[in-house]
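Asker: Predicted structure and sequence below. I'll ask about it afterward.
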2 protein chains.
Amino acid sequence: MKALLMGLQDSICAGLEQLDGEGRFAEESWVRPEGGGGRSRVMREGAVFEQGGVNFSEVQGENLPPSILNQRPEAAGHHWYAVGTSMVLHPRNPYIPTVHLNYRYFEAGPVWWFGGGADLTPYYPFLSDAQHFHRTLKGACDSVDPAYYPVFKPWCDEYFFLKHRGETRGVGGIFYDYQSPGGAIYKGPNADGAAAIAGSAQVPERSWENLHDLASACGHGFLPSYQPIVERRQNQSYGERERQFQLYRRGRYVEFNLVFDRGTIFGLQTNGRTESILMSLPPLVRWEYGYTPEPGSREALLTDLFTRPQDWLTDGSLEQHCAPHGAID
Amino acid sequence: MKALLMGLQDSICAGLEQLDGEGRFAEESWVRPEGGGGRSRVMREGAVFEQGGVNFSEVQGENLPPSILNQRPEAAGHHWYAVGTSMVLHPRNPYIPTVHLNYRYFEAGPVWWFGGGADLTPYYPFLSDAQHFHRTLKGACDSVDPAYYPVFKPWCDEYFFLKHRGETRGVGGIFYDYQSPGGAIYKGPNADGAAAIAGSAQVPERSWENLHDLASACGHGFLPSYQPIVERRQNQSYGERERQFQLYRRGRYVEFNLVFDRGTIFGLQTNGRTESILMSLPPLVRWEYGYTPEPGSREALLTDLFTRPQDWLTDGSLEQHCAPHGAID
C-alpha cells in the first residue's frame, strides 16, 4: 500500500503539472515527532490551479483516538500504523470544480482496514461534468467488483454532507471506510444524513488484495475522471459575478473540512502536521450573511440541484432542469 | 437577564453605528422551530467595519447536548432555557483589532449558570491597545468583585487557544462559564491548554445577583474598552502588505470558531440558525501553505508575542519587545 500510494502521489502530481502547463509542485518532507512522516507537495498560483496540494503520509503511534476506536474497538491498546495519500485542488476558473481524493490504509494489532474515495465540488452546474466524473469512478470500481459503486456512491453523499446547511459538499463521487473482511460495511444513510437515498446493497466479503486493487483502480482513475473536465472548462471566460460566487461557495468547503471531515479531525487529534492537514483549505474565501442566489439563476441551480444527492448516471429528469441554463454541454 | 441582554444589544449597536459613521445595522428577527428565536443585526461595508454582527437569542428545548451535560449532569432530562447576546466585529483597517463579546445565561431544571466574556484579536501589535482593553475589562470586573479578573483573564487565554497552532486567538480578555453558587469554577489551565500561566486563584461563592451584575458591568464596559482603540487606529494608513496579513490571520479566526468554539458547536448541535451562528466568520479570508513572517517584522512580533498569553497589565518587559516596532504608541 505504501508503494501504491507513493506512486499515486507521483503520477497524479506529474499529470497535474502537465495539465496546468505552468505551475509546479514544491515538495516538503517532514518527520512527525511521535513516529512517521510524509511529503507534502503544493502548487500555488498555477495557470489552472490557484492552489493544489497532494500529500503522502505514513504515521504511527500507540493510541488511536476515540473517534476511531468507536468503530474498531479491537484496535484498543495496540500500536497503529496508517499510510495515506490525499489531494485537494482549488482551480482559479469558477467553471472548473474543486476536487478531492484520499486513499488510506490502517493496521492496529489484530485488525486492518482500507478507506478512501474521491468527490467533485462544482461552483457552476454542468451535468456532463458530474456524469463524466461518476462514470469514470464507477468504471474503476466495476473493474474490481460491480458491487462497490452502488454502495460507495450513496455513502459519499452521506459523508460529505453539511448538516447545518442541509447540503452535500458537491456532486459526490465515492467514499468508503473501515473496509476489511467481516468488518463494518455501509448500511445505508443515517437518519440525519443525506436521507434522500434509501438503504443500499451490501458489498460481499472481500480480501486484502481485492481492497488493494480497489484503491489502485480508483486512484489511477483519478486523472481520467478529472482531466477532461478541466480541459473543457479552462478557457471558458468568466466575470466578477462567477468569481464572487466561487469564493462564497468555497466557504462551504471550509465549513465541511473544519467541522465534519474525519481526516482533518484525525490529523489535528493525533498532532499531525497542521500545514499539511489544512492544505485542503482554499487560498481565498468569503462569507456573506444571509446570501441567497437569485431565483432561476445558475447559482440557484447549483445550490438546489448540485448540492443534493442525485443519481447522476441514471436519472433522466436532471437534463430538463439543466438544459435551460446551458448546464448540459 | 433577557432585559439586560436585549438592552446590551441595543446600546452596543447604537454605539457602533455612531463609531462607524456610515454603516447601519440591518435587523432580521427569526423563530426557532424547536422553541425560541432571536434578532440578528448585521452591518456590512461600513466605513470602519467591513462586517459586524450583534446577535440576541432566546432559545429552549428538551435535551441539552452531551457537551453541556458533561459539565452540568444535574440538567439531564430537564427542559432548558438559554438567553445570550454575542458580537463579532471585523474592521477593514488591519490596524484595528477584531473583537468578540458574548454574555449568556442558562436554566435547566434545578440548575442555572452564567457565562461570557470579551476578547481582542489584533492583526498588528500595539501594546497600548492590549493594555487599554484589559484595563477596562479589569475595571468592570473589579467593580463587582476584585477576585474575578485574576481568574477570568487566564481562563480566556486557555479557552481561546488554537491547540493545532500553539497560539492564542489574540491578546485575550476575560472568559467564564458555568458560573453558579457551588458550581464549577476555573481551576487553572489544562495540561493541553495555554499552560504558560500557572493555576489561578479561585473565585469565592457568588449569588445570582452578583453574576448578573458582572454581566452588566462587563457588557456595558465593552464600548469603553474598544471605541478608543478604533478611534486611535482608524485613520492610520496601510497598504497591501498589511491587508494580506490581516486576511491571512483571519484564517485563524475561522479555524478557532469552527474547530473549537463552544458557542458555535452548541448552536450547530442544537439546530440553531446557521446564518446567525456563522455571522462570526470574516467576510474575506485567505490561507497560505507554510507561511512564516519575516524575522524581526511586525508580523513576526504579532505572531510571537501577541498570540501567547501575556500579563499585559503587569509585565514591564513587554515594552522592550514592542518599542523597536513602534508598537507601544
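Answerer: Cool, the structure landed.

Asker: who in the stretch 1-150 of chain A is up against chain B?
Answerer: A:28, A:40, A:42, A:44, A:51, A:53 (CB under 8 Å from any CB of the partner chain). No exception for glycine: its C-beta is placed from N, CA and C like everyone else's.

Asker: Which member of those residues is positioned nearest chain B?
Answerer: Checking the residues of the stretch 1-150 of chain A next to chain B against chain B with CB to the nearest CB, the nearest one is residue A:42 at 4.8 Å.

Asker: got the contact list for whichever strand or helix holds that closest one?
Answerer: Residue A:42 is part of strand A:36-44, with elements assigned from DSSP states H and E. The contact list for strand A:36-44 (CB atoms under 8 Å, 6 or more residues apart in numbering or on different chains) reads A:9, A:13, A:16-17, A:20, A:23-32, A:49-60, A:273, A:275-276, A:279, A:283, B:288-290.

Asker: Mark which of those residues are buried, thanks.
Answerer: A:9, A:13, A:16-17, A:20, A:23, A:25, A:32, A:49-60, A:273, A:275-276, A:279, A:283, B:288-289 (16 or more other CB atoms under 10 Å in any protein chain shown).

Asker: The nearest residue to residue A:302 once chain neighbours are set aside: what's it in contact with?
Answerer: In space, and not counting its chain neighbours, residue A:302 is closest to residue A:125: 4.7 Å by CB to CB, 6 or more residues apart in numbering or on different chains. Contact analysis of residue A:125 by CB under 8 Å, 6+ apart lists A:298, A:301-302, A:305-306, A:322, A:325, A:327.

Asker: Now rank those residues by neighbours and give me the top one.
Answerer: Within the contacts of residue A:125, neighbour counts (other CB atoms under 10 Å in any protein chain shown) peak at residue A:306, which reaches 30 neighbours.

Asker: ok, how many other residues are close to residue A:282?
Answerer: Neighbours around residue A:282, by other CB under 10 Å: 21.

Asker: ok so it is a helix residue?
Answerer: No: secondary structure of residue A:282 (DSSP: H, G, I helix; E, B strand; the rest coil): coil, not part of a helix.

Asker: quick one: it from residue B:271, how far?
Answerer: 27 Å (CB to CB, to the nearest Å).

Asker: Not counting its neighbours along the chain, what's nearest the closest residue to chain B within the stretch 151-300 of chain A?
Answerer: In the stretch 151-300 of chain A, the residue that lies nearest chain B is residue A:258 (3.8 Å; CB to the nearest CB). In space, and not counting its chain neighbours, residue A:258 is closest to residue B:258: 3.8 Å by CB to CB, 6+ apart.

Asker: try residue A:318
Answerer: residue A:127 (5.7 Å).

Asker: Quick check, that neighbour in contact with residue A:319.
Answerer: Yes: between residue A:127 and residue A:319 there is a contact at 6.5 Å, judged by CB atoms under 8 Å.

Asker: returning to what we had before: sitting in helices, which of the contacts of strand A:36-44 do you find?
Answerer: A:9, A:13, A:16-17, A:20, A:275-276 (DSSP state H).

Asker: Show the backbone phi and psi for residue A:93.
Answerer: phi -70, psi 120 (degrees, to the nearest 10).

Asker: circling back to that earlier point, turn the residues of the stretch 1-150 of chain A next to chain B into a markdown table, columns for pLDDT and distance to residue A:105.
Answerer: Output for those, formatted as a markdown table (pLDDT from 0 to 100; distance: CB to CB, whole Å):
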| residue | pLDDT | distance to residue A:105 |
| --- | --- | --- |
| A:28 | 95 | 23 |
| A:40 | 95 | 19 |
| A:42 | 97 | 24 |
| A:44 | 96 | 29 |
| A:51 | 97 | 27 |
| A:53 | 97 | 20 |
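
Asker: Out of those residues, which two sit at the greatest distance?
Answerer: A:28 and A:51 (14.8 Å; CB to CB).

Asker: circling back: angle of the host helix or strand of the residue nearest to residue A:258 against helix A:240-259?
Answerer: Assigned by DSSP H and E, residue B:258 belongs to helix B:240-259. With axes from the mean of the first three to the mean of the last three CA atoms, to 10 degrees defining the directions, helix B:240-259 sits at 50 degrees from helix A:240-259.

Asker: Looking at helix B:240-259 now, give me its mean pLDDT.
Answerer: In this model, helix B:240-259 has a mean pLDDT of 97.

Asker: Return the residues in contact with residue A:215.
Answerer: Contacts of residue A:215 by CB under 8 Å, 6+ apart are A:1, A:4-5, A:103, A:105, A:114, A:116.

Asker: Return the closest of the residues of the stretch 1-150 of chain A next to chain B with respect to residue A:173.
Answerer: Nearest to residue A:173 among the residues of the stretch 1-150 of chain A next to chain B is residue A:53, at 18.2 Å by CB to CB.

Asker: and the residue nearest to the closest one when sequence neighbours are not counted, what is it in contact with?
Answerer: Using CB to CB, 6+ apart and skipping residues adjacent in sequence, the residue nearest residue A:53 is residue A:279, 3.6 Å away. By CB under 8 Å, 6+ apart, the residues touching residue A:279 are A:40, A:42, A:53, A:55, A:88, B:289.

Asker: ditto for residue A:92
Answerer: A:46-50.

Asker: Does residue A:99 touch residue A:227 like I think?
Answerer: No: in this structure residue A:99 lies outside contact range of residue A:227 using CB under 8 Å: 10.5 Å.

Asker: got a pLDDT number for the residue nearest to residue A:53?
Answerer: The model reports residue A:279 with a pLDDT of 94.

Asker: Sketch out the strands for chain A, chain order is fine.
Answerer: Counting by DSSP state E, chain A has strands at residues A:26-31, A:36-44, A:49-61, A:80-91, A:98-108, A:111-121, A:161-162, A:167-168, A:172-179, A:284-286.

Asker: Please render those strands as JSON lines that adds distance to residue B:163 to the earlier fields.
Answerer: Listed next are these as JSON lines, based on distance: least, CB to CB, whole Å:
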{"stretch": "strand A:26-31", "distance to residue B:163": "19"}
{"stretch": "strand A:36-44", "distance to residue B:163": "20"}
{"stretch": "strand A:49-61", "distance to residue B:163": "17"}
{"stretch": "strand A:80-91", "distance to residue B:163": "21"}
{"stretch": "strand A:98-108", "distance to residue B:163": "23"}
{"stretch": "strand A:111-121", "distance to residue B:163": "25"}
{"stretch": "strand A:161-162", "distance to residue B:163": "24"}
{"stretch": "strand A:167-168", "distance to residue B:163": "29"}
{"stretch": "strand A:172-179", "distance to residue B:163": "25"}
{"stretch": "strand A:284-286", "distance to residue B:163": "22"}
